[in-house]
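# Everything below, folded, please.
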Amino acid sequence: MTARSGILLIHGLGGTEYDLGSLHKAARRAGGNAHMITLPGHGTRPEDLLTVRAETWLDAVTAQYRELATQYDTLHVAGMCMGALIALLLCHRVKHERGRLALLAPPVYIDGWSTPWYRDLRYLLYCVPGAAAKIKVEEGEPFGIKNPLVRAIVKKKFERGDNFHYPWVPLVCIRQVDRMRDWVRKAAPEIACSTLILHSREDELTSLRSAEFLQAAIPDARSVVLENSYHMICADNDREQVASEVLSFFDLDPQHAYSPAAARRMARAGEGLG
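You can find the predicted model right below:
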């Protein structure tokens, strides 16, 4: 990857750059120019999502993409959860071929093991005037995290009110995600760039059906199944594998997936085995 290359990273619903863990740091350690975007309605308070439409998010990332495209010869795109849907739709809109696309835990289907049996009733609520704006969809355990230590840290952050992720989102906002899920299913066969899909086998929000659909639909796609994480794969047990796979896919040195401290620990462990 040359100095004239960049990476656009897109977070998920209700989230911030923390959705992507330390992926941006790993990319920068490897010599990539990683750029984060804060989607409209995010980074402030959940109520600010009430009037945001899917088109607004897509327009925002398109503007960021076009600005970065003037600065780099190669521009890669990666998105986490809802950000993966936006990333795919962005690449479809701009006919992206000047780099690659990484889709991290894309929720094409909301059918994971922790989703309630009545999840599809939300479509009826969408038809009730004003109902979707009043109903709160709250974040709850396991918070997309399998690792008990990381999950405890995330829980404490929510209890303190840290501004790393909204504690709830309005149902009207989920409706916008559902609209994008429909668009993605139609757009996937027309994606022109090489695509990597990373998805956990134990994802509690969206099953492997999402990854399987995308791999079959996108002309040039491959998927990697993670075996030790839930939905938030950039922060869970497989986070180094996620970073390594993405870096390698973007033609960056995957050794930089590990922080300097982790790399030193691995080196010492290797010396001990020797």
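# Let me see the contact set for Ala87.
Contact partners of Ala87, counting by Cβ atoms under 8 Å, 6 or more residues apart in numbering, are 8, 10, 61, 77-79, 101-103. All C-beta spots, glycine's among them, are computed from the backbone N, C-alpha and C.
# mind checking the SS state of the closest residue to it other than its chain neighbours?
Spatially, and ignoring its direct neighbours in sequence, Ala87 is nearest to Gly79 (3.2 Å; Cβ to Cβ, 6 or more residues apart in numbering). Under DSSP: H, G, I helix; E, B strand; the rest coil, Gly79 falls in the strand class.
# just the one 4 residues further on next, same as before
For Gly83, the secondary structure call by three-state DSSP comes out as helix.
# What are the buried residues along stretch 49-62?
49, 52, 54, 57-58, 60-61 (16 or more other Cβ atoms under 10 Å).
# ok, for Leu39, nearest residue in space, not its chain neighbours?
Distances taken as Cβ to Cβ, 6+ apart put Trp57 closest to Leu39, at 5.1 Å, once the chain neighbours are dropped.
# How confident was the prediction at the one you found?
pLDDT recorded at Trp57 is 98.
# Can you verify Ala63 is assigned to a strand?
No - counting by three-state DSSP, Ala63 falls outside a strand, being helix.
# Identify the residues contacting it.
Applying Cβ under 8 Å, 6+ apart, no residues qualify as near Ala63.
# cool, and Leu39?
Taking Cβ under 8 Å, 6+ apart as the test, what Leu39 contacts is 10-11, 57, 60-61, 83, 86.
# Lys25 now?
Counting by Cβ under 8 Å, 6+ apart, Lys25 touches Ser259.
# now it, what's its secondary structure?
Classified using three-state DSSP, Lys25 is helix.
# quick one: which helix or strand includes Cys173?
Element membership for Cys173 (DSSP states H and E) is helix 171-187.
# ok, now Tyr166?
Short version, using DSSP H and E: Tyr166 is in no helix or strand.
# Tally up the residues packed near it, please.
Neighbourhood size, Tyr166 [other Cβ atoms under 10 Å]: 26.
# which residues does it contact?
Going by Cβ under 8 Å, 6+ apart, Tyr166 touches 14-15, 42, 45-46, 49, 139.
# Closest to Ala235 out of those?
For the contacts of Tyr166, the minimum distance to Ala235 (Cβ to Cβ) is 10.5 Å, reached by Gly15.
# Hmm, His42 and that closest one touching each other?
Yes - counting by Cβ atoms under 8 Å, His42 is a contact partner of Gly15 at 7.0 Å.
# Work out the gap between stretch 220-239 and the centre of the chain.
Centroid displacement of stretch 220-239 relative to its chain, using Cα atoms, centre = their mean, to the nearest Å, is 11 Å.
# Any chance you could give me stretch 217-235 in PDB, C-alpha atoms only?
Taking C-alpha atoms only, stretch 217-235 is exported to PDB below (Å, rounded to 0.1, in the frame of the first residue of the first chain):
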ATOM      1  CA  ALA A 217     -24.600 -12.400  -4.100                       C
ATOM      2  CA  ILE A 218     -21.400 -10.300  -4.500                       C
ATOM      3  CA  PRO A 219     -19.400 -11.300  -7.600                       C
ATOM      4  CA  ASP A 220     -16.000 -11.100  -6.000                       C
ATOM      5  CA  ALA A 221     -16.400 -12.000  -2.300                       C
ATOM      6  CA  ARG A 222     -15.000 -14.300   0.300                       C
ATOM      7  CA  SER A 223     -15.900 -14.700   3.900                       C
ATOM      8  CA  VAL A 224     -14.200 -15.600   7.200                       C
ATOM      9  CA  VAL A 225     -16.100 -17.200  10.000                       C
ATOM     10  CA  LEU A 226     -15.000 -16.200  13.500                       C
ATOM     11  CA  GLU A 227     -15.300 -18.900  16.200                       C
ATOM     12  CA  ASN A 228     -14.900 -17.000  19.500                       C
ATOM     13  CA  SER A 229     -16.900 -13.800  19.500                       C
ATOM     14  CA  TYR A 230     -20.500 -12.400  19.500                       C
ATOM     15  CA  HIS A 231     -21.600  -9.500  17.300                       C
ATOM     16  CA  MET A 232     -19.000  -6.800  18.300                       C
ATOM     17  CA  ILE A 233     -16.100  -8.600  16.500                       C
ATOM     18  CA  CYS A 234     -13.700  -5.700  16.600                       C
ATOM     19  CA  ALA A 235     -13.700  -5.600  20.400                       C
END
